[in-house]
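>>> Next one to model:
(one chain, ligands or ions: 2)
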Amino acid sequence: MDGSAEAPAAGTVLNALATGHGAAFAIDRYTRADVEVGGGGPVTGAVAGEPDADTRLVERCVELACEAYGDGVTGGHVETDSEVSMAAGLKSSSAAANATVLATLDALGVADDVPREDAALLGVRAARDVGVTVTGAYDDASASMLGGLTVTDNDRDVLLARDDPDWDVLVWTPDEKAFSADADAERCARIAPLAEHVEELTFAGRYGLAMTINGFAFCGALDFPITPLVEAMPAVDGVSLSGTGPSYVAVGEADNLEDLQDTWETKPGTTFRTTTQHDGARTR
Ligand SMILES: Nc1ncnc2c1ncn2[C@@H]1O[C@H](COP(=O)(O)OP(=O)(O)O)[C@@H](O)[C@H]1O
Ligand SMILES: O=C(O)C1=C[C@@H](OP(=O)(O)O)[C@@H](O)[C@H](O)C1
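Numbers count the residues shown, from 1 in each chain. Ligands and ions are numbered 1, 2, ... in the order given. Here you go, the predicted structure:
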């Protein structure tokens, strides 16, 4: 039994490491998963082009989806192929988990019967089980699974709000990796009053200002440079460190993002333009 699905990456409005509440928006870059289920034995996994990648997350996603909806089916294999750099702050883990859960549900013939929020929560559970997350990251998982912008309480795994902004987006990903599980959560907790303010601005629909304050606050807490933020202001609508870094995301007018792209492109790493994504994860 085979299944296939893809899920988008996402950028950050509010990092959940300070208060447990987070907000993220899906972008038009994808991770794809092909899953075979059955045959018994352990679930195995592989990542295209990355023979040494950690495949525990996606293997656990197949196991959990089979346990929940497989009617006794065990074993399988999952292969992912991603346009999203791993551990870059662009929610590669959520995209991989969502694509894998949905591909498994597709293989089991139940992809259209399982509510998308429930499917995302299976991926969150898998991420907690294998230790690739601090809060569970339901903010990132819900944005990737549902599309658009979501606000969540990751302590209770509750979706607080969803919106569908239509943005041009610029991303700069430096060459280094920053695994979320290694982030200094204690330092993030110190800036909770700022995160609460970012959340209020988010609920007021002032997403650009919210993400910019998030950017300055979390660059401070996680020790990333603020220069990319200052370079982006005041021309863009919003700019932030994405997740626990090292990527930065900016949203705004296309012309202004083009000018900023010229500046960010002089830095080492990868710079690309994209847009918000509205439909979330889908079978293929
Ligand atoms: N394409 C993929 N296939 C399998 N696992 C993946 C994939 N992308 C990410 N992961 C998992 O997610 C982890 C990175 O998660 P994390 O540090 O939270 O980074 P990000 O900010 O990109 O989500 C990887 O170590 C791996 O376990
Ligand atoms: O592991 C976590 O709990 C989180 C990781 C961060 O994202 P990245 O995985 O993109 O760094 C952060 O933005 C999110 O709100 C919560």
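>>> Model confidence score at residue 1, please.
Per-residue confidence (pLDDT) for residue 1: 89.
>>> ditto for residue 165
Note for residue 165: predicted pLDDT of 97.
>>> what's it in contact with, if anything?
25, 148-149, 207, 251, 276 (CB atoms under 8 Å, 6 or more residues apart in numbering). Every residue, glycine included, has its C-beta placed from N, CA and C.
>>> And it, how far from ligand 1?
Going from residue 165 to ligand 1 by CB to the nearest ligand atom, to the nearest Å gives 21 Å.
>>> rewinding a little: now intersect the contacts of residue 165 with the strands, please.
Counted as lying in strands by DSSP state E, out of the contacts of residue 165, are 25, 149, 251.
>>> And the residues you listed, which is closest to ligand 1?
In terms of CB to the nearest ligand atom, no member of the ones in strands among the contacts of residue 165 lies closer to ligand 1 than residue 25, at 14.4 Å.
>>> what about that closest one, how many residues close to it?
Counted by other CB atoms under 10 Å, the residues lying close to residue 25 total 29.
>>> Adding pLDDT and distance to ligand 2, write the ones in strands among the contacts of residue 165 out as JSON lines.
Shown next, in JSON lines, are these (pLDDT from 0 to 100; distance: CB to the nearest ligand atom, whole Å):
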{"residue": "25", "pLDDT": "98", "distance to ligand 2": "12"}
{"residue": "149", "pLDDT": "98", "distance to ligand 2": "13"}
{"residue": "251", "pLDDT": "98", "distance to ligand 2": "16"}
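>>> Which pLDDT value does the model give the residue nearest to the spatial centre of the chain?
For the chain, the residue nearest the mean C-alpha position is residue 91 (2.5 Å; CA atoms, centre = their mean). Looking at residue 91, its pLDDT stands at 97.
>>> Helices of the protein, start to end?
56-69, 92-107, 116-130, 138-146, 185-190, 192-203, 207-222, 227-232, 254-264 (DSSP state H).
>>> list the buried ones in stretch 38-47?
By 16 or more other CB atoms under 10 Å, the buried positions in stretch 38-47 come out as 38, 43, 45-47.
>>> quick one: that stretch near ligand 1?
Yes. For stretch 38-47, a contact with ligand 1 is found by CB under 6 Å from any ligand atom, at residue 47.
>>> residues from the stretch 101-250 of the chain in reach of ligand 1?
So the stretch 101-250 of the chain meets ligand 1 at 132, 179-180, 243 (CB under 6 Å from any ligand atom).
>>> from these, which single one is nearest residue 266?
Nearest to residue 266 among those: residue 243, at 23.4 Å, using CB to CB.
>>> With adjacent residues omitted, what lies nearest to the closest one?
residue 89 (3.6 Å; CB to CB, 6 or more residues apart in numbering).
>>> Return the distance of that neighbour relative to ligand 2.
4 Å.
>>> Surely that residue and residue 224 touch.
No. Using CB atoms under 8 Å as the test, residue 89 is too far from residue 224 to be in contact (9.4 Å).
>>> Looking at those two, which one has more neighbours?
Under the criterion of other CB under 10 Å, the comparison of residue 89 against residue 224 puts residue 89 first, with 32 against 21.
>>> Please work out which residue of the chain is closest to ligand 2.
Counting by CB to the nearest ligand atom, the chain gets nearest ligand 2 through residue 243, at 2.3 Å.
>>> How about the contacts made by that residue?
Residues counted as contacts of residue 243 (CB under 8 Å, 6+ apart) are 12, 15, 89-91, 140, 180.
>>> Try it again at 7 Å.
12, 15, 89, 91, 180 (CB atoms under 7 Å, 6 or more residues apart in numbering).
>>> And residue 40, by the same measure?
Residue 40 neighbours (CB under 7 Å, 6+ apart): 74-75.
>>> State the distance from it to residue 75.
Residue 40 is 4 Å from residue 75, where distance means CB to CB, to the nearest Å.
>>> Buried by neighbour count: which residues of stretch 19-33 qualify?
19-27, 29-33.
>>> oh, I was asking about stretch 43-59
Along stretch 43-59, these residues count as buried under the neighbour rule (16+ other CB under 10 Å): 43, 45-47, 53-59.
>>> Residues of the stretch 51-200 of the chain that sit close to ligand 2?
So the stretch 51-200 of the chain meets ligand 2 at 89, 91, 93, 133-137, 139-140, 180 (CB under 6 Å from any ligand atom).
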